[in-house]
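# sequence first, then the predicted structure:
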Amino acid sequence: MAVIERITPNSGRLAWIGVSIAVGALFLVSFLIGPYPVPPRTVFAVALHELGIGEATWPDAVRMVVMEIRGPRIVGALLIGAALATAGATFQNIFRNPLVSPGVLGVSAGAGFGAALGILIGTTGLMIQVLAFGFGLLATGLAMWLGRSLDRAALLSLVLAGLVVSALFQALVSLLKVVADPLNQLPSITFWLLGGLHRLNGAALLSVALPILIPGALLYALRWQVHAMAAGDDEARALGVDVTRTRLVLIVAATLMTAACVSVSGIVGWVGLLIPHLVRLLVGPSFALVLPLSALGGGAFLLAVDNVARVGASEIPLGILTALIGAPLFAAVLMRTRQRWS
């Protein structure tokens, strides 16, 4: 309880200001990273010109970098990081378990299988994204069916069902790796599963915007119900919350967001697990604060990690970096909060 007691009424406001400034600074700095750095003044000028304001005084290559290459990647990192952190915060409150992540019900493993299958059968681009999204939803549906078959009321049964389904689809991915062409298909499958934002362009960004933004808005609209459910089902019902229906809506919304993210970025871990914990250290357990600040913090974290991935001559897969950075940070969070968990 020591952490909660130190939370002041101004903590939320200060956290909002600090994280917002960090997101804005990272957004501008990100255009300077890469073989063709673009200064912030030029970024603003290009953006205004796209809106019909001002005249173009820069080469076509600058517009291409800002609007077609680096811009969609930066916006995508903010959007995907926000979605993963939001989904993680929601699942942690739903299951009242600090160790669950957006992939708890098998969506990441299912999406990975869908993408690997698409690569194996020779599809590219949008079709791989569709297969990843579809199999991610299928995996979650199987986990929910299995969990309800085991025990309709127990949240632990749902988590265990998610572990079973994840293991199943991970085994199927391994099987596809065995039969894949080791020269062409296997490297593509492996690199996709490691995660990355290099595939993002304007079309891919638009295709996942609605499956992320609409469920995200729904989660925010239900933030008070989620906060009530964190205290227990009986307490939530006493406050007028339809626990069963609300939980189903929350799971579906968070799953849609996660599946959309994985379909374009591959499997990127630790964002949805780590960021909600860091936010709770800043502002306390109130889900009404944790949810939007997790979105900002998740976007900032993933964009910062993606910038690190782009620094060298060859790009480092994003999933590797999020684990290398996220695991030590999460260990520090565990040590910081061990008294509250004991």
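Looks like it came in fine. Numbers count the residues shown, from 1 in each chain.
# okay, now L205: neighbour count?
By other Cβ atoms under 10 Å, the residues close to L205 number 18. Placement of C-beta: from N, CA and C, glycine included.
# tell me which element it falls in.
Counting by DSSP states H and E, the element that carries L205 is helix 202-221.
# may I see the buried residues of the helix or strand encompassing G141?
Following DSSP H and E, one finds G141 within helix 126-150. Within helix 126-150, the residues that qualify as buried are 128-133, 135-144, 146-147, counting by 16 or more other Cβ atoms under 10 Å.
# then stretch 321-330?
By 16+ other Cβ under 10 Å, the buried positions in stretch 321-330 come out as 321-323, 325-326, 330.
# need those in CSV (columns: pLDDT and distance to L78).
Output for the buried residues of stretch 321-330, formatted as CSV (pLDDT from 0 to 100; distance: Cβ to Cβ, whole Å):
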residue, pLDDT, distance to L78
L321, 94, 17
T322, 94, 15
A323, 93, 20
I325, 93, 17
G326, 91, 17
F330, 89, 21
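# quick one: low-confidence ranges for the chain?
1-12, 152-153, 338-342 (pLDDT under 70).
# show me the contacts for G71.
Contact analysis of G71 by Cβ atoms under 8 Å, 6 or more residues apart in numbering lists 31, 65.
# and it, how far from L296?
In this view, G71 and L296 are 19 Å apart by Cβ to Cβ, to the nearest Å.
# for S265, same thing?
Computed as Cβ to Cβ, the S265 to L296 distance reads 18 Å.
# so which of these two has more stuff around it?
More neighbours surround S265 than the other of S265 and L296, with 30 against 23 (other Cβ under 10 Å).
# wait, F330 touches L273, no?
Yes: counting by Cβ atoms under 8 Å, F330 touches L273, with 6.7 Å between them.
# list residues touching both of the two?
Joint contacts of F330 and L273 (Cβ under 8 Å, 6+ apart) do not exist.
# find the nearest non-adjacent residue to T123, please.
Using Cβ to Cβ, 6 or more residues apart in numbering and skipping the chain neighbours, the partner closest in space to T123 is L131 (7.2 Å).
# before we move on, what about L99?
Closest residue to L99 apart from its sequence neighbours, by Cβ to Cβ, 6+ apart: L273 at 7.4 Å.
# for that neighbour, give its distance to V226.
To V226, L273 is 17 Å away according to Cβ to Cβ.
# which one's more surrounded, those two?
Just comparing L273 and V226: by other Cβ under 10 Å the higher neighbour count belongs to L273, 26 against 23.
# and that one, what does it touch?
Contacts of L273 by Cβ under 8 Å, 6+ apart are 88, 99-101, 326, 330.
# ok, which pair from those residues is furthest apart?
The largest separation in the contacts of L273, counting by Cβ to Cβ, is between V100 and G326 at 15.0 Å.
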